[in-house]
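**Q** Sequence and predicted structure, then a few things I'm wondering about:
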Amino acid sequence: MSHADNTHSLLVGYILWLLGFMGAHRFYFGKPVTGTIWFFTLGLLFIGWIIDLLLIPGMDRQADFRYQAGRLDYTVAWLLLTFLGVFGVHRFYMAKWITGLIYLLTGGLLGLGVLYDFWTLNGQVSEINQRGYY
């Protein structure tokens with residue numbers, strides 16, 4: 001993959017930064033460990049959240065380099081997970097019909113499946129894009 005492949009949106013990263021004290025932008029850019037830390041510490045007591053304002057362009061470049069561009073759009077997948085994850089809509093988007101149906105019937109496996117997807121969504125989308133079909 002070349003550096004020209006834009007998998008994540010810098011603008012979306014900054015919008016998510018507004019909620020960054022909850023780690024949203026870090027999850028989006030593929031940093032689930034620090035996203036979780038930000039979530040439980042309010043962005044390292046807001047200090048890390050403010051510093052991230054300067055770090056977001058680098059996070060965007062790293063995500064673009066790390067993840068495979070393709071037919072599935074990362075931002076669409078993240079929006080579906082964030083707002084409709086308990087209904088499995090993001091899984092239907094990735095053509096994961098069985099788990100999408102399970103999420104729909106179980107509230108995202110009682111939220112645990114949604115939490116798992118917050119940690120792994122970038123990798124799931126990248127793997128599907130790498131295969132070239134879904």
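**A** All right, it came through fine.

**Q** Show me how this structure divides into domains.
**A** Listed by automatic domain parsing, the domain ranges of the chain are 10-66, 74-131.

**Q** Where among these is average confidence lowest?
**A** In terms of average pLDDT, domain 10-66 trails the rest of these, at a mean of 93.

**Q** Run the chain-centre distance for that domain.
**A** In terms of C-alpha atoms, centre = their mean, to the nearest Å, the centre of domain 10-66 is set 11 Å apart from its chain centre.

**Q** same deal with stretch 83-90?
**A** 13 Å.

**Q** related to what we said a few turns ago, pipe the domains of the chain into JSON lines and attach mean neighbour count per row.
**A** All C-beta atoms are positioned from the backbone trio N, CA, C, and that covers glycine. Conversion of the domains of the chain to JSON lines gives the following (neighbours: other C-beta atoms under 10 Å):
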{"stretch": "domain 10-66", "mean neighbour count": "18"}
{"stretch": "domain 74-131", "mean neighbour count": "18"}
